[in-house]
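Asker: Sequence and computational prediction follow.
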Amino acid sequence: MAPARTSRGKAPKTHHDSGRTLKRKRGEDTLSSLIQRVEDLDLKATVKNFSDLPLSEPTQKGLAASHFKTLTDIQQRAIVHSLKGRDILGAAKTGSGKTLAFIIPVLENLYRRQTTELDGLGALILSPTRELAIQIFEVLRKVGRYHAFSAGLVIGGKSLREEQDRLGRMNILVCTPGRMLQHLDQTAMFETHNLQMLVFDEADRILDMGFQKTVDAIVDHLPKERQTMLFSATQTKKVSDLARLSLKEPEYIAVHESAASATPSTLKQHYVVTPLASKLDTLWSFIRSNLKSKTVVFMASGKQVRFVYESFRHLQPGIPLMHLHGRQKQGGRLDITTKFSQSQHSVLFATDVAARGLDFPAVDWVIQMDCPEDADTYIHRVGRTARYERVGRAVLFLDPSEEKGMLSRLEQKKVPIEKINIKASKQSSIKNQLQNMCFKDPELKYLGQKAFISYVKSCFVQPDKTIFNIKELKLEDLAGSLGLPGAPRIKFIKGDDTKERKNASWKMAHLSSDEDSGAEGEGKKKEKKDENQVRTRYDRMFERRNQDVLADHYHKLINDDGTVVAMGADNGAGEDADEDADFLSVKRRFVAGDENLGRQSDSDSDESVEDAKPTRMVQIDGQEPLVIDSKRREKLLKSKKKLLKFKGKGTKLVYDDDGVAHEIYEMEDEEAFKARGDANTQRQRFVEEETERTRRADIDDKALVREKKREKKEKRKARDRALAEEEAEEESGIQGLPHVPFEIPGSDSGSEAEEPRASKKPRVTFADASSDEDEGKSKKSKKAKKAEPQIETLADLEALASGLLD
Ligand SMILES: Nc1ncnc2c1ncn2[C@@H]1O[C@H](COP(=O)(O)OP(=O)(O)OP(=O)(O)O)[C@@H](O)[C@H]1O
């Protein structure tokens, strides 16, 4: 029954209402005491348990429900500073709990500022890879499940529009830099003026060359007054980097700087010297003798990952194989990371997309089949094992030419590594099997060629030439070990023999006209020089350049990464195109009345004159005459729709004040044009002026939209405040009680939490369906739990991210 109205038209105070006021008052007291406790926090204090930190109740509950009790070293050192709002540069070994070291302060600082959905973005967490962003988001969901913030994951892979609609109402975003910048540039409703915290996970990677421009542009969009935190296992200290981010007197927390090693003490690290040509054999032998392990194998490129995965799958080692690289679709990548995380015994072949931050549980071995580009990458790769006090082992494969350079780099970075040898009895060769497979399966051979090229390319572009010396690598042997009949030719390797090689193909063409021109690089040349060598039909097959069956795959590979890689077979593709040109001979049309053409046809080929059918021409609206020389063209005349194609487009005219029609662009007087200066300068000036005009218009548009949005928000807030004040006035006669814009979960007194938010939509918190600890505590949380979907795929996760608001 609705309560009766008082003479002032307001509902009388009920017992229930005063309960709510009391609850709100308690909430305020708790908040101010929390703020006070943070202020009083001693920066030098060593806090052991989370329960001893001045953290809000929702965070404490989230931590307890996720079974986090004691702080790790980096958490002890970083959290106290960051709670007090200081900028942080945090470096700690892999697997030492850096994620929580920034997630807790993010939640707490927004909580103490009473951030609500209406405040928009409060914290931005940047991650270099999508996988890592997803993982961070998962931790945020787990620990923040009792908070009332809205949080989202922005990593691309779905339509910008869909994301745009929800972005404006997110308090915390976990994102990859590229996608974030796209939104900052293009989403007018997305405001950042309230941003309080900016976090970089794997900071050194985000700040390096690859992301530099994107990060600078993102930072330009953000308010200067904010808290910035950088975390990584290998941290940048470059003053220039810190200046770019406008860090203010950051607290540098390097947990492992004083330690004897930069890697976890529970990690055993070894290296084996194995020539390039034996790497695959060594890897195969390793996998065969560790069937009851969980292993990550790092390679230099996605193409190698694909080749090794496909070929090893054919060979059936007796353990599940998976592969992960940047070219896979987002959904597929997430499936693989989930599958690998859940598996007990398996091997994951991966590129460096998996090197940083990923927290796969219980990995026994990390194998680096290809030498990492530097010691930092080495540290991140091996960090996928021996995480959070667990043991783990790592093996690095080095070519003899890489040994000296790499070992000295590792020593400089305090990485303890020991040499081991492979037992001869355990080593087996798969070279013949690979050769057979490549022979039978041209697609695999093609993948092998691509893998070869991408590997050599990756060595070629490495800046550290003390480790990567391409001239020292035995490329012919490497090709053989992949099952290839010869080393694909790589144009970018410019050596002394470039001229010779160029001439060689010419010479060969003159020497042997019977052979096809499918020599696959050096290997072929050698063979051809050796006239006496017996050559089998297989040899010939491998030498053939134009294997049709490859064409399909070739196109897939080209589309796959958008680049055409120089190699023998590529030349073949080029030749295919030429051959195609012969197939597609153009039938010349003999048009009645076109004497020139007729004469030409006469002289060129008699056949074409004989073959010519009677033709006629149709003129359509001043267009080129349409030649009707076949039944199909005859038919075309009957279809107005089809004829439209030949009609051309209409011309737009503008009328001046005197009613005279003009074309939109009319040629001006040449003299006047010249008088204004050089054409190039004029063009440049025009482009600059237009760019500037568009830029200004864009800024104005965005500012206008933002202003409108802000006004709307302010109105909503004011309405809210008035409502709260009215309520308070009714209840206690005290005017102007401060509005508490968030739920304080766990504040006792009764089952019904206050609903202070302006939004009509119910706020869904981070509540986690998997948590059963609090079952039965409150009806509300039960409802939230019921509504929560099962998280299995990225789509589920993203649906949930949007669900936080809907
Ligand atoms: N206080 C803690 N108590 C127990 N486990 C923890 C604690 N903090 C973190 N962990 C666990 O330790 C593991 C590693 O944590 P996290 O992924 O944050 O490491 P990291 O330092 O970020 O590693 P990387 O440098 O590889 O990114 C995770 O499984 C996490 O759940």
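Answerer: Yep, that arrived. Numbers count the residues shown, from 1 in each chain.

Asker: Please count neighbours and contacts with C-alpha atoms only from this point.
Answerer: Fine.

Asker: The spatially closest residue to Pro361 that is not a sequence neighbour: how many residues sit nearby?
Answerer: Spatially, and ignoring its direct neighbours in sequence, Pro361 is nearest to Ser341 (5.9 Å; Cα to Cα, 6 or more residues apart in numbering). By other Cα atoms under 10 Å, 17 other residues sit near Ser341.

Asker: Next secondary structure after the helix or strand where Ser341 lies?
Answerer: Ser341 belongs to helix 330-342 when assigned by DSSP states H and E. Per DSSP H and E, the first helix or strand lying C-terminal to helix 330-342 is strand 346-350.

Asker: what helices or strands is that next one leaning on?
Answerer: strand 294-298, helix 302-315, strand 321-324 (3 or more Cα pairs under 8 Å, 6 or more residues apart in numbering; DSSP states H and E).

Asker: For that strand, C-alpha coordinates in PDB please.
Answerer: The C-alpha coordinates for strand 346-350 follow below in PDB (Å, rounded to 0.1, in the frame of the first residue of the first chain):
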ATOM      1  CA  SER A 346      50.500 -30.500 -23.800                       C
ATOM      2  CA  VAL A 347      52.800 -28.500 -25.900                       C
ATOM      3  CA  LEU A 348      52.100 -24.900 -27.100                       C
ATOM      4  CA  PHE A 349      54.100 -23.500 -30.000                       C
ATOM      5  CA  ALA A 350      54.000 -19.800 -29.700                       C
END
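
Asker: Correct me if wrong, but His662 is in a strand.
Answerer: Yes. The assignment for His662 is a strand, going by DSSP: H, G, I helix; E, B strand; the rest coil.

Asker: which residues does it contact?
Answerer: Counting by Cα atoms under 8 Å, 6 or more residues apart in numbering, His662 touches Leu653, Val654, Tyr655, Asp656.

Asker: go with 10 Å
Answerer: Lys652, Leu653, Val654, Tyr655, Asp656 (Cα atoms under 10 Å, 6 or more residues apart in numbering).

Asker: would JSON lines of the helices and strands packed on strand 346-350 with mean neighbour count, distance to Met617 and mean pLDDT be doable?
Answerer: Formatted as JSON lines, the helices and strands packed on strand 346-350 follow (neighbours: other Cα atoms under 10 Å; distance: least, Cα to Cα, whole Å; pLDDT from 0 to 100):
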{"stretch": "strand 294-298", "mean neighbour count": "27", "distance to Met617": "66", "mean pLDDT": "98"}
{"stretch": "helix 302-315", "mean neighbour count": "20", "distance to Met617": "55", "mean pLDDT": "96"}
{"stretch": "strand 321-324", "mean neighbour count": "21", "distance to Met617": "60", "mean pLDDT": "97"}
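
Asker: Could you export these as CSV, including distance to Glu725?
Answerer: Shown next, in CSV, are these (distance: least, Cα to Cα, whole Å):
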stretch, distance to Glu725
strand 294-298, 60
helix 302-315, 61
strand 321-324, 57
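
Asker: So which bits of the stretch 201-350 of the chain are right by the ligand?
Answerer: Residues of the stretch 201-350 of the chain lying near the ligand by Cα under 6 Å from any ligand atom: Ser232, Ala233.

Asker: Tell me where the model's unsure across the stretch 201-350 of the chain.
Answerer: 236-237, 239-240, 257 (pLDDT under 70).

Asker: Secondary structure element for the nearest residue to Lys414 once chain neighbours are set aside, which one?
Answerer: Nearest residue to Lys414, sequence neighbours excluded (Cα to Cα, 6+ apart): Ser261, at 4.9 Å. Under DSSP H and E, no helix or strand contains Ser261.

Asker: mind listing the helices for the stretch 151-300 of the chain?
Answerer: 160-167, 177-186, 203-207, 212-221, 239-244, 279-288 (DSSP state H, counting those that start in this stretch).

Asker: between the ones you listed, which gets nearest to Glu634?
Answerer: Minimum separation from Glu634 across the helices of the stretch 151-300 of the chain (Cα to Cα) falls at helix 160-167, 46.4 Å.

Asker: buried stuff in that closest one?
Answerer: Glu163, Gln164, Arg166, Leu167 (16 or more other Cα atoms under 10 Å).

Asker: which of those residues lies closest to the ligand?
Answerer: Among those, Leu167 lies closest to the ligand (Cα to the nearest ligand atom), at 25.9 Å.

Asker: Excluding covalently adjacent residues, which one is nearest to that closest one?
Answerer: Looking at Leu167 with Cα to Cα, 6+ apart, the closest residue is Phe190, at 6.3 Å.

Asker: Tell me the pLDDT of the one you found.
Answerer: Listed pLDDT for Phe190 reads 83.

Asker: mind checking how far it is from Val705?
Answerer: Phe190 sits 10 Å away from Val705, going by Cα to Cα, to the nearest Å.

Asker: Name the residue in those two with the higher neighbour count.
Answerer: Neighbour tally, Phe190 and Val705, criterion other Cα under 10 Å: the higher count belongs to Phe190, 23 against 15.

Asker: Test my guess that the more buried one contacts Gly120.
Answerer: Yes. Phe190 is within contact range of Gly120, at 8.2 Å (criterion: Cα atoms under 10 Å).

Asker: which neighbours do those two share?
Answerer: Between them, Phe190 and Gly120 share the contacting residues Leu167, Gly168, Arg169, Met170, judged by Cα under 10 Å, 6+ apart.

Asker: Surely the first one touches Ala151?
Answerer: Yes. With contact defined as Cα under 10 Å, Leu167 counts as touching Ala151 (9.2 Å).

Asker: For the protein, name the helix or strand with the lowest mean pLDDT.
Answerer: Lowest on mean pLDDT, DSSP states H and E among the helices and strands of the chain sits helix 568-583, with a mean of 34.

Asker: got the contact list for the residue in the stretch 201-350 of the chain that the ligand sits nearest to?
Answerer: As assessed by Cα to the nearest ligand atom, the ligand sits closest to Ala233 within the stretch 201-350 of the chain, at 4.8 Å. Taking Cα under 10 Å, 6+ apart, we find Ala233 in contact with 90-96, 98, 201-204, 254-256, 262-263, 356-357, 376, 379-380, 383.

Asker: Enumerate the residues of this protein near the ligand.
Answerer: Going by Cα under 6 Å from any ligand atom, the residues of the chain near the ligand are 68, 70-72, 93-100, 232-233, 356-357, 359, 383, 387-388.

Asker: tell me the average confidence for stretch 658-678?
Answerer: 81.

Asker: can you give me the end-to-end distance of it?
Answerer: 33 Å.

Asker: Also stretch 418-426?
Answerer: Terminal-residue distance, stretch 418-426 (Cα to Cα): 20 Å.

Asker: can you list contacts of that stretch?
Answerer: Against stretch 418-426 from outside (Cα under 10 Å, 6+ apart): 268-274, 282, 285-286, 288-289, 395-396, 407.

Asker: Recalculate using a threshold of 7 Å.
Answerer: Gln269, His270, Tyr271, Val272, Ser285 (Cα atoms under 7 Å, 6 or more residues apart in numbering).

Asker: who does the helix or strand hosting Leu124 touch, helix- and strand-wise?
Answerer: Per DSSP H and E, Leu124 falls inside strand 123-126. Helices and strands touching strand 123-126, as assessed by 3 or more Cα pairs under 7 Å, 6 or more residues apart in numbering; DSSP states H and E, comprise strand 172-175, strand 197-201.

Asker: Can you tell me what sits against whatever helix or strand comes next after that strand?
Answerer: Where DSSP H and E defines the elements, the next helix or strand beyond strand 123-126 is helix 130-143. With Cα under 7 Å, 6+ apart as the test, helix 130-143 has contacts from 59, 62-63, 66, 99, 103, 127, 153, 155, 174-176, 334, 357-358, 766, 768.

Asker: mind checking how far the residue nearest to Lys414 is from Leu478?
Answerer: Ser261 is 34 Å from Leu478, by Cα to Cα.

Asker: okay, these two: which has more neighbours?
Answerer: Leu478 (21 against 15).
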